[in-house]
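Enquirer: coords please:
(one chain, ligands or ions: 1)
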Amino acid sequence: MEGTAPSAAPSTADAPGRANRSTRKETKVPASSGSLTLSQTRSRSIRTSAARAPSRSAPGTAVPAPIPRDDRPARCPPQTGLTAAIGPGPVPAPGRVPQRRESRPRGRRLLLSTPIFYANGPPHIGHLYSALLADALLRHRRLRAAGPARLCTGTDEHGLKIQQAAAAAGTSPAELCERVSGLFRRALTQASVAYTDFTRTSEPRHQRAVRHFWGALRDGGVLYKGSYEGWYCTPEESFLPESQLAEGTDAQGRPCKVSLETGHEVHWTKEENYMFRLSAFRNPLQNWLRDNPRAIFPDPFYQCVLRWLDEDLPDLSVSRERNRLQWGIPVPSDPTQTIYVWVDALVNYLSVVGYPESHGAWWPAVHHVVGKDILKFHALYWPALLLAAGLEPPERILVHSHWTVRGQKMSKSLGNVVDPSVCMGRYGVDGFRYFLLRQGVPERDCDYYDEKVVKLVNSELADALGGLLNRSTAPSINPSNTYPRFSEPFFPKVLDSREARGTGRACAEDYKLVAAVASLPAQVDSYFEGFQIYKALECIAQCVRQTNGFFQRHRPWKLDRRDAAEQLWLDTILHVTLECLRVYGTLLQPVVPLTADKLLSRLAVGPGERGLSGLTFLARYDGKPCPFEGRQLGPDTGILFQRLGKLETMKRKQEAHVPGKQLL
Ligand code: MSP
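Expert: A predicted model of the protein is given here:
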């Protein structure tokens, strides 16, 4: 397994909307509901963090202007559990957040999500990786028949980033989003991502949900208006504090400030914004995490979020002036402001399940799969916003690291962005899915290069798995093309009795194989549950190697079918091999669905026999009947996974067949 050194503390952009350069002045201003005290901020010192809006509980501070009330939520669904205990108000309950029940009853619903992808450029392998992780989790859950599940994905279409990308491309934002959204939809479909919902944030149903969510925040008293200024990084759609900045150069080579994390230029921005009282949510967030230690996974990311909560937690700017940002959802009742794109985007997880009317059937049974760069948005801002709007935080946030390319960060300017469609064309959909999920380690960054894909896919999918199927079903060795019979005396349950009778041929190594494969489904299950799909695949690959060893050791092709005893032993070897292959095919379905289907069909495993809950292995060894024994094998005798040829040849062929790729 390759990858760059683990980074215990994932680096991310810092808080968007941090009031990192402002001071406060209270002013009496007329508001729609009368003359009210407005808490205003004014620029003064670059370092001060005291520039944050005061929390409501702070004595002697200003009462911020309430937001106009004519776009209030129509009706809030009944709240239970965590939310009910916290209450939707701006001052969260001081006590511990009630612990969520550890084990929910089986058969419950689950909403899995990918992040929604920025519609300013085409998909790359990092995007696909987020989606594949979620897809594999969904497919695995379905195989376990664990209850209804959905997988939502989509495109994030508002914000300055999109507005500027459209202007640069000489098109309208709507036209750009239409095109790029289509590219993402196609790439996900091509990669067999079994999404059930695709949300575009430009859709009316989503916009309605966002307006409603805004109303819930406003009614909870967690929004106030203030003057705001700081360094804004458009590609990250985020305000950055000084600690996240470095000196760099702009496109013309002039010195400028850039984001430390991404190297993108930042721009000084000063405007009137609505602020979200994030600072008031430190305790509820800490309580939520303390009571739900598996809420953020893998653990280094959980620890990282806990550390963030020990640091400064400034209020968050949640709107932009409309004269700067027209491409977004206007703040209800204040057409001079546009809702911050991250608030807009995060609400997609609610709008997809019918917020504000019918989300209760799915929320908060939701698992978000996100890259480490957007952890802060999902693990701090989103749960705080949810609590403020009277909803529970998500059940789990599953975090992954990044793909680099030959040791370098993937970026348009370096020209090293890897296009997933090209990769799937070259290595096959399953080949590429297998590579990303087998080599991607959520805890650390992983490095991509083409040679690595060819080597891994050839050795594990084509040679080890495909070769084993091919050899164990070859007409020369299995002329009747049936699922062979198992003869217990050749593989008795107790090794000693076999030795005593002197009839068996199975050796100690073979018993190890049987034990390893018998425990494999449970192992794979627990790795999926622990968001370590790569480890599940490692275990399967190890068992496939062991099975090849078993086959090689007993050389069934040397046995003489005319001899009755040899024939029985030969069939037993084949039976054990096919039983192993059946288990691998079943377990591999979430990762390589097309290949697994081909494998299981060849083994005559029916559609109703491919689930994980009823998965048996070598029933005959346990003295039970085996439903497969004696069955006619499937008719497709083709190669399971075509070995990949030389990289250069593949690239040349692809270039010849793909006329000029459509560029944005
Ligand atoms: N639009 C936001 C997400 C909003 S969700 C409410 C966004 N979009 S993104 O297109 O930039 O990123 C989508 C996903 O791709 C994120 O999970 C991100 O971490 C992932 N990746 C982007 N580059 C990546 C790599 N180089 N490697 C792995 N995944 C990375 O953020």
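
Enquirer: Tell me the backbone dihedrals of Asp334, please.
Expert: The phi and psi torsions at Asp334 (degrees, to the nearest 10) take the values phi -140, psi 80.

Enquirer: Neighbours of it, how many?
Expert: The tally of other residues near Asp334 (other C-beta atoms under 10 Å) stands at 18. C-beta here means a position set from N, CA and C on the backbone, and glycine is covered the same way.

Enquirer: If the closest residue to the ligand within the chain is in a bridge, with which residues?
Expert: Nearest residue of the chain to the ligand, counting by C-beta to the nearest ligand atom: Gly371, 1.6 Å away. According to DSSP bridges, the partner residues bridging Gly371 are His400.

Enquirer: give the contact list for it.
Expert: Gly371 makes contact with Pro115, Gly126, Ser130, Val399, His400, Ser401, His402, according to C-beta atoms under 8 Å, 6 or more residues apart in numbering.

Enquirer: got the contact list for stretch 255-264?
Expert: 11-13, 231, 233-236, 240, 243-250, 265-266, 373, 411.

Enquirer: mind redoing it with 10 Å?
Expert: Identification of contacts with stretch 255-264 by C-beta atoms under 10 Å, 6 or more residues apart in numbering yields 11-14, 231, 233-236, 238, 240, 242-250, 265-268, 373, 409, 411, 413.

Enquirer: Report the entries of these that also contact the ligand.
Expert: Restricting the contacts of stretch 255-264 to those adjacent to the ligand (criterion: C-beta under 6 Å from any ligand atom) gives Asp373.

Enquirer: From the rest of the structure, what touches stretch 158-176?
Expert: Stretch 158-176 is contacted by residues 118-121, 155-157, 177-180, 201-202, 206-207, 210, 232-237, 267, 269, 320, 324-329, 338-342, 344-345, 663-664 when judged by C-beta under 10 Å, 6+ apart.

Enquirer: Provide a PyMOL selection command restricted to the buried entries of the residues you listed.
Expert: To isolate the buried members of these in PyMOL, using 16 or more other C-beta atoms under 10 Å:
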select buried, resi 118+119+120+121+155+156+157+177+178+180+201+202+206+207+210+232+233+234+235+236+237+269+320+325+327+328+329+338+339+340+341+342+344+345
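
Enquirer: Tell me which entries of the contacts of stretch 158-176 lie within strands.
Expert: Tyr118, Thr155, Asp156, Tyr232, Cys233, His267, Thr269, Arg320, Thr338, Ile339 (DSSP state E).

Enquirer: Mind putting these into CSV with pLDDT?
Expert: CSV is the format used below for the ones in strands among the contacts of stretch 158-176 (pLDDT from 0 to 100):
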residue, pLDDT
Tyr118, 97
Thr155, 98
Asp156, 98
Tyr232, 89
Cys233, 90
His267, 91
Thr269, 87
Arg320, 93
Thr338, 97
Ile339, 98
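
Enquirer: got the residues of the stretch 101-250 of the chain near the ligand?
Expert: Contact residues, the stretch 101-250 of the chain versus the ligand (C-beta under 6 Å from any ligand atom): Pro115, Ile116, Phe117, Tyr118, Gly126, His127, Tyr129, Ser130, Asp156.

Enquirer: ok, so what distance separates the closest residue to Ile374 other than its chain neighbours from Ala131?
Expert: Spatial nearest neighbour of Ile374, chain neighbours left out: Pro115 (6.1 Å); criterion: C-beta to C-beta, 6 or more residues apart in numbering. Distance of Pro115 to Ala131, given as C-beta to C-beta, to the nearest Å: 9 Å.

Enquirer: what sits in contact with each of those two?
Expert: Shared contacts of Pro115 and Ala131, defined by C-beta under 10 Å, 6+ apart, comprise Thr153, Val369.

Enquirer: What residues does the protein have near the ligand?
Expert: Neighbours of the ligand within the chain, by C-beta under 6 Å from any ligand atom: 115-118, 126-127, 129-130, 156, 345-346, 348, 370-371, 373-374, 402-403, 410.

Enquirer: Which ones among those map onto helices?
Expert: Among those, DSSP state H puts Gly126, His127, Tyr129, Ser130, Ala345, Leu346, Asn348 in helices.

Enquirer: Quick check: the farthest pair among these?
Expert: Checked with C-beta to C-beta, those reach their widest spread between Tyr129 and Leu346, with 20.6 Å between them.

Enquirer: which residues in the stretch 501-650 of the chain form strands?
Expert: Taking DSSP state E, counting those that start in this stretch as the test, none of the stretch 501-650 of the chain falls into strands.

Enquirer: so where is it shaky, pLDDT-wise?
Expert: Scanning the stretch 501-650 of the chain for pLDDT under 70 picks out 501-503.

Enquirer: ok, Asp445 touching Ser401?
Expert: Yes. Counting by C-beta atoms under 10 Å, Ser401 is a contact partner of Asp445 at 4.7 Å.

Enquirer: More neighbours: which of the two?
Expert: A direct count of neighbours by other C-beta under 10 Å for Asp445 and Ser401 places Ser401 higher, at 25 against 20.

Enquirer: Tell me if I'm right that the more buried one and Val441 touch.
Expert: Yes. The criterion here is C-beta under 10 Å, and Ser401 meets it with Val441 at 7.1 Å.

Enquirer: For stretch 346-358, what is the distance to the chain centroid?
Expert: 19 Å (C-alpha atoms, centre = their mean, to the nearest Å).

Enquirer: So, low pLDDT: which residues of the protein?
Expert: Looking along the chain with the criterion set at pLDDT under 70, you get 1-106, 495-503, 657-664.

Enquirer: same thing but 50
Expert: For the chain, the stretches flagged by pLDDT under 50 are 1-105, 500, 502, 660-664.

Enquirer: Where is the longest helix in it?
Expert: In the chain, with assignment by DSSP H, the single longest helix is helix 564-588.

Enquirer: give the contact list for the residue nearest to Trp362 when sequence neighbours are not counted.
Expert: Excluding the flanking residues, the one nearest Trp362 by C-beta to C-beta, 6+ apart is Val353, at 4.0 Å. Shown in contact with Val353 (C-beta under 10 Å, 6+ apart): 109, 111, 150, 152, 197, 209, 359-363, 365-366.

Enquirer: Am I right that Val353 sits in a helix?
Expert: No. Under DSSP: H, G, I helix; E, B strand; the rest coil, Val353 sits outside any helix and is assigned coil.

Enquirer: how near is it to Val341?
Expert: To Val341, Val353 is 21 Å away according to C-beta to C-beta.

Enquirer: Could you pull out the buried residues of stretch 610-618?
Expert: Those would be Arg610, Leu612, Leu615, Thr616, Phe617, Leu618, for stretch 610-618 by 16+ other C-beta under 10 Å.

Enquirer: Equivalent analysis for stretch 628-637, please.
Expert: Phe628, Glu629, Arg631, Leu633, Gly634.

Enquirer: Let's see the distance spanning it from one end to the other.
Expert: End-to-end span of stretch 628-637 (C-alpha to C-alpha, to the nearest Å): 18 Å.

Enquirer: which residues are contacting that stretch?
Expert: Outside stretch 628-637, the residues that touch it by C-beta under 10 Å, 6+ apart are 469-470, 473-475, 478, 480-486, 571, 575, 578-579, 582, 598-606, 609, 616, 619-620.

Enquirer: mind running it again at 7 Å?
Expert: Thr473, Asn481, Thr482, Tyr483, Arg485, Phe486, Lys598, Ser601, Arg602, Leu603, Ala604, Arg620 (C-beta atoms under 7 Å, 6 or more residues apart in numbering).

Enquirer: Please export the C-alpha coordinates of stretch 293-302 as PDB.
Expert: As requested, the backbone C-alpha atoms of stretch 293-302 are provided in PDB (Å, rounded to 0.1, in the frame of the first residue of the first chain):
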ATOM      1  CA  PRO A 293     -17.200   9.100  19.600                       C
ATOM      2  CA  ARG A 294     -17.900   7.400  16.300                       C
ATOM      3  CA  ALA A 295     -19.500  10.500  14.700                       C
ATOM      4  CA  ILE A 296     -16.400  11.400  12.800                       C
ATOM      5  CA  PHE A 297     -14.300   8.700  11.300                       C
ATOM      6  CA  PRO A 298     -11.400   7.700  11.100                       C
ATOM      7  CA  ASP A 299     -10.300   8.700  14.500                       C
ATOM      8  CA  PRO A 300      -7.500  11.200  13.700                       C
ATOM      9  CA  PHE A 301     -10.100  13.400  12.100                       C
ATOM     10  CA  TYR A 302     -12.400  13.200  15.100                       C
END
